[in-house]
Structure formats: C-alpha cells, structure tokens
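J.: pasting a predicted model and its sequence here:
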Number of protein chains: 2
Amino acid sequence: MVPRKTTTRERLITTAAELFRRQGYAQTGVNQIIQEANATSGSFYHFFPAKEDLLLAVVDHIAEVFESGIFAPAAERASDPIDEIFTILDLYRQQLSTEGFTFGSPMAGLSTEVSENHPQVRVRLAEIFADWSGRIEELLRRAGSRLPPSLDRTALAQFVVCTIEGAGLGTRLNQSLAPFDAAIAQLSSYFDLLGDRIGGTTAVATAGRPASVTSPVSDWRSW
Amino acid sequence: MVPRKTTTRERLITTAAELFRRQGYAQTGVNQIIQEANATSGSFYHFFPAKEDLLLAVVDHIAEVFESGIFAPAAERASDPIDEIFTILDLYRQQLSTEGFTFGSPMAGLSTEVSENHPQVRVRLAEIFADWSGRIEELLRRAGSRLPPSLDRTALAQFVVCTIEGAGLGTRLNQSLAPFDAAIAQLSSYFDLLGDRIGGTTAVATAGRPASVTSPVSDWRSW
DNA sequence: GTCTATACCCTGATAGAC
DNA sequence: GTCTATCAGGGTATAGAC
C-alpha cells in the first residue's frame, strides 16, 4: 500500500494525506496513521510535535502533487494556452479517483473542516487556491486575442477553480465522475461562447478538448 | 442565542446545525451541543439514540430551511423564471453568512465529512442536491424560447448548483462573500451569452439581476 | 421528558530504554 | 530515530431517580 524505500516521515505524510482525504482530519486518529504507515508512536512524535503539524505537512504535500502531477505535465503536453487549461482539468479529473473509488477534491474536505479550527492552515489553503487561480489567469492572458479583450481574466480564472471544486463535491457525493464531466462540459461551452464573441465561431473551440471532457455524460442525478 | 418557546428537540437540532456548519460534525461534541442548547444528556439521548440520528435530523432541517428561506420566497418575489434563478442565488448568498461571520455552504462541509463514514447520510444529501438541481431545471424549462432550444437544461441546472457549492468553498476559505459574488457574475455572463444565441442581445439580460449580483466585486485573492 | 452521576473507551501525547 | 508502555482527558453513551 505504501511505496517502499521511503523514509518514515514520507510514509506518514502520504498515508495521512490519503486518510484525511477519505475520512477527514478529525476522524482520522493518529494511531491509524501510525499503523497504516508502518511506524510507531515514537517516530510520529519525533517528526511532528502535534497532529496539527502533520496536517500542515500534508497540505504542502498536496500542493506538490498538484505541481508535479497536474501543472507540470499539462504545460509540457498542451499545444496552446486554452488547451492547457482543459488539460489541467483533465489531469485533475484523474486525481479525483484512486483505485476505483471516488473521493472528490483532496483539498475541499480539508478546507471546510479545518478553516474554522486551524486558521493557519486555512490561510495556507487559500494561498494554494490563489496560486492555482493565478496560473490559470496567466494562461488566459496568453490566449490573447482568442478571448474578448474586455474579458476579466482574473474573474474567469477564479470561476474555473470554483467550478472544479464544486464539481468535486458532486463527484464525491454521487461517487461518480459524471458530475465533474458535466461541469467541465458546461465550462467548455462557456469558453466557446466567449470565443464566438470575437469573430469566427471556432476561435476557442478549435483548441480541442481532451477526450474525457467532450465525451457524453450521464445524468448526474441518476448515478 | 436560541429562540425561546421552542421544544428541546428543536433547540438541539438548530443548535447542532449551527455548530456542525461552523466546526464540522466530528469536531462538535455532544456535550457542547447539549450545553449550548440548554439541554441535558438525558434529553438528548431521549430524542436521539445516537449522535448520528441527530445528524440525519440536522440534514432534514437544512433542507427545510432551503425550502422556506430560499425557494419559497424566490418563487413569490420573482417576475420570471430566469429572474427567479438569480433570486435564489441572491437569497442563498444571504444564508452564507450569519452574524457577520462567513461559514460557507451549510451542506458542503457535511457532504465531504460524512460521505465516507455515513453512507445513509450521503445518499440523503445527494437527494437534496438533486432536488435543488431539479427545481432550477424546471425554471430553465419555463424560460422557454429565451434560451436556445438545443440547450441541455439538465446539465445547465447541475452546473448552477455546482457553481454555488464551489463558490461557497471560496467564501469560507477567504472569509468573504467576494468569491461568491464573482462566481455569480460569471454565471450571469454565461446566461447572457446563451441568450445572445437566440436573437436580440438582451433576451436573457433584460430579466434583470438582484443588486448584489451585479455589484462590482473585489479581487478574490486580495480579500 | 428531564435530571445527575458515571461507565467505558479511544484520543492525542509523553517517558525513557535502546 | 525507533520502540513499548502508559498517562490524562474528553468522547459517546447509559442508569436510574424524579
């Protein structure tokens, strides 16, 4: 379950990240983390003075996974800025489910659970979302004249992030990727309409979409 | 803090609903609920055999609040279907903050926290979201020719719900209504573009938007 | 229906040998 | 850095008088 040849510290973090995502922070006991990470109480408190310190490490870990598993590959793979955005969404989609189970956004759960009780963590999470939004905003700027000049790139970027997280919630509740696909399809439609505004009907649409995004989706409510 | 002339059962439910929203389900102890509701352990377990039974009651309570505080007033107040949708969003906006504090969606937190550990509750929450989506879908149908005939009303309705929940997350994380307002503004823009498709540039826009929706919003990331 | 007192377990965290 | 043993406290839930 846990990759070998890793340090105990790493195992504790990756194990905790998975458990927090599945069960939540409060409902995951230190004992369970220790057990599933093949560690001991002594090791745990050697690395992390308190459970909350592990939480901070987990949040940073999630941010790193986003970077190495989503943003970096998307930048490498995509042919143009708009395509890169939808590639990001497609890679994010893959992160939503592990081993056949669908747990929704890795960050949304922590965000709601933690924001009131651990202000420090809340600020960190907000920073990560802002960073994410900023990256998308940058891509929207690079799209240049393919989007209306009057378009508020900042607002649209935030909207993309907001959509993703909302879709992640539907995904988790319905234990299906259909809600996510449906949301991305709508976002795609929005982008198309924005492109229409500035000339030909395919200014944005020609960028292409990853297959999973354009594929037909089932009814969210029938899962 | 708690309305007088209520039954103990009602006080326990409303108090728990508020605490669950603020702190989460797992991080709210039965003792705290009892204390803030001016009840006793005996009363609590007389009405609710276990904490989880209270949770179910709280979920139903939230659904009722949505009905009486959002959907019913919106239906009464709105002049046409599209306007009614944005009135719903505006009323929802008001529910996002209580007493000056912004806690985000009442249901999103429970959804993520509870979906894995309490399948029964998860199904109930999914039903409520589906009901919500269905109501909006019905309004989209009633909008008739003001939206493109080819438009998938079901998908768009789900998208509206998804947007709301995603925006609620941003609202909570940033402790500001700005992310919500920004998201609704984008949604409004999307509706406008959809309206453009079928004739005059104001087919949808003329429906008007509640003031809070059209007001300028600050940058999400600068709160 | 409501009260007080309490059982019992699991939690996060510590101590000290190795 | 890792181990075992253990603590103190708060968690849910119960018992039984009123």
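T.: Here it is on my side, so go on.
J.: how close does the closest residue to chain B within chain A get to residue A:195?
T.: Relative to chain B, the nearest point of chain A is residue A:166 (2.7 Å; CB to the nearest CB). Every residue, glycine included, has its C-beta placed from N, CA and C. In this view, residue A:166 and residue A:195 are 23 Å apart by CB to CB, to the nearest Å.
J.: who's more crowded, the two?
T.: residue A:166 (31 against 22; other CB atoms under 10 Å in any protein chain shown).
J.: the more buried one and residue A:183 touch, don't they?
T.: Yes. Assessed by CB atoms under 8 Å, residue A:166 is found in contact with residue A:183 at 6.9 Å.
J.: and for those two, which residues touch both?
T.: residue B:162 (CB atoms under 8 Å, 6 or more residues apart in numbering or on different chains).
J.: and the residue of chain A closest to chain B, helix, strand or coil?
T.: With DSSP: H, G, I helix; E, B strand; the rest coil as the basis, residue A:166 sits in helix.
J.: measure it to residue B:48 for me?
T.: Distance from residue A:166 to residue B:48, by CB to CB: 31 Å.
J.: kindly report the same for residue A:92.
T.: Relative to residue B:48, and taking CB to CB, residue A:92 is found at 39 Å.
J.: do the same with residue A:74
T.: To residue B:48, residue A:74 is 48 Å away according to CB to CB.
J.: tell me if residue A:79 really is in a strand.
T.: No. Counting by three-state DSSP, residue A:79 is located in no strand; its state is coil.
J.: the closest residue to residue A:153 other than its chain neighbours: neighbour count?
T.: Excluding the flanking residues, the one nearest residue A:153 by CB to CB, 6 or more residues apart in numbering or on different chains is residue A:140, at 4.2 Å. Using other CB under 10 Å, residue A:140 has 24 other residues around it.
J.: touching, residue A:140 and residue A:155? I think so.
T.: No. Applying CB under 8 Å as the test, residue A:140 and residue A:155 come out as separate, 9.9 Å apart.
J.: which residues of chain A fall in strands?
T.: Residue ranges of the strands in chain A, as given by DSSP state E, are A:97-98, A:101-102.
J.: would CSV of the ones you listed with mean neighbour count be doable?
T.: Shown next, in CSV, are those (neighbours: other CB atoms under 10 Å in any protein chain shown):
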stretch, mean neighbour count
strand A:97-98, 15
strand A:101-102, 14
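J.: burial count for residue A:94?
T.: Neighbours around residue A:94, by other CB under 10 Å: 12.
J.: where does it land on pLDDT?
T.: On pLDDT, residue A:94 comes in at 93.
J.: which parts of chain A sit against DNA strand D?
T.: A:7, A:8, A:9, A:39, A:40, A:41, A:42, A:43, A:46, A:47 (CB under 7 Å from any atom of the strand).
J.: near DNA strand C too, which of those residues?
T.: A:41, A:42.
J.: let me know the closest of the residues of chain A next to DNA strand D to residue B:34.
T.: residue A:41 (32.6 Å; CB to CB).
J.: quick one, what contacts that closest one?
T.: For residue A:41, the contacting residues are A:30, A:31, A:34, by CB under 8 Å, 6+ apart.
J.: from these, which land in helices?
T.: Here DSSP state H is the test, and the contacts of residue A:41 give A:30, A:31, A:34 as lying in helices.
J.: what sits against residue A:115?
T.: Residue A:115 touches A:121, A:122, A:125, B:104, B:172, B:173, B:175, counting by CB under 8 Å, 6+ apart.
J.: quick one: which of those residues is nearest DNA strand D?
T.: DNA strand D has its nearest neighbour among the contacts of residue A:115 in residue A:121, at 19.3 Å by CB to the nearest atom of the strand.
J.: and the closest one, how far from residue B:96?
T.: Taking CB to CB, one finds residue A:121 at 21 Å from residue B:96.
J.: ditto for residue A:102
T.: For residue A:102, the distance to residue B:96 - CB to CB - is 27 Å.
J.: and for residue A:163?
T.: Relative to residue B:96, and taking CB to CB, residue A:163 is found at 18 Å.
J.: who's more crowded, those two?
T.: Higher neighbour count among residue A:163 and residue B:96: residue A:163, with 26 against 19, using other CB under 10 Å.
J.: surely that one touches residue A:183?
T.: Yes. Using CB under 8 Å, residue A:163 is in contact with residue A:183, at 5.5 Å.
J.: what is in contact with these two at once?
T.: Counting by CB under 8 Å, 6+ apart, the common neighbours of residue A:163 and residue A:183 are B:159, B:162.
J.: in chain A, what residue lies closest to DNA strand D?
T.: residue A:42 (1.6 Å).
J.: and for that residue, the neighbour number?
T.: Neighbours of residue A:42 (other CB under 10 Å): 8.
J.: separation between it and residue A:175?
T.: 38 Å.
J.: got it, and residue A:48?
T.: Residue A:48 is 32 Å from residue A:175, by CB to CB.
J.: now swap in residue A:121 and tell me
T.: For residue A:121, the distance to residue A:175 - CB to CB - is 27 Å.
J.: now residue A:153
T.: Applying CB to CB, the value for residue A:153 to residue A:175 is 35 Å.
J.: the more surrounded of the two?
T.: Using other CB under 10 Å as the criterion, residue A:153 and residue A:175 rank with residue A:175 on top: 19 against 16.
J.: residue contacts, the closest residue to the more buried one other than its chain neighbours?
T.: Among residues not flanking residue A:175 along the chain, residue A:102 sits closest, at 5.1 Å (CB to CB, 6+ apart). Applying CB under 8 Å, 6+ apart, we find residue A:102 in contact with A:96, A:171, A:172, A:175, A:176, A:177.
J.: before we move on, back to that, quick one: the contacts of residue A:115 as CSV, columns for pLDDT and distance to DNA strand C too.
T.: Formatted as CSV, those follow (pLDDT from 0 to 100; distance: CB to the nearest atom of the strand, whole Å):
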residue, pLDDT, distance to DNA strand C
A:121, 96, 14
A:122, 96, 18
A:125, 97, 20
B:104, 90, 24
B:172, 95, 23
B:173, 95, 23
B:175, 93, 25
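J.: could you work out the most separated pair of those residues?
T.: Within the contacts of residue A:115, two members stand farthest from each other by CB to CB: A:121 and B:104, at 15.3 Å.
J.: quick one: which of those two has more around it?
T.: Neighbour count, other CB under 10 Å: between residue A:121 and residue B:104, residue B:104 has more, with 27 against 20.
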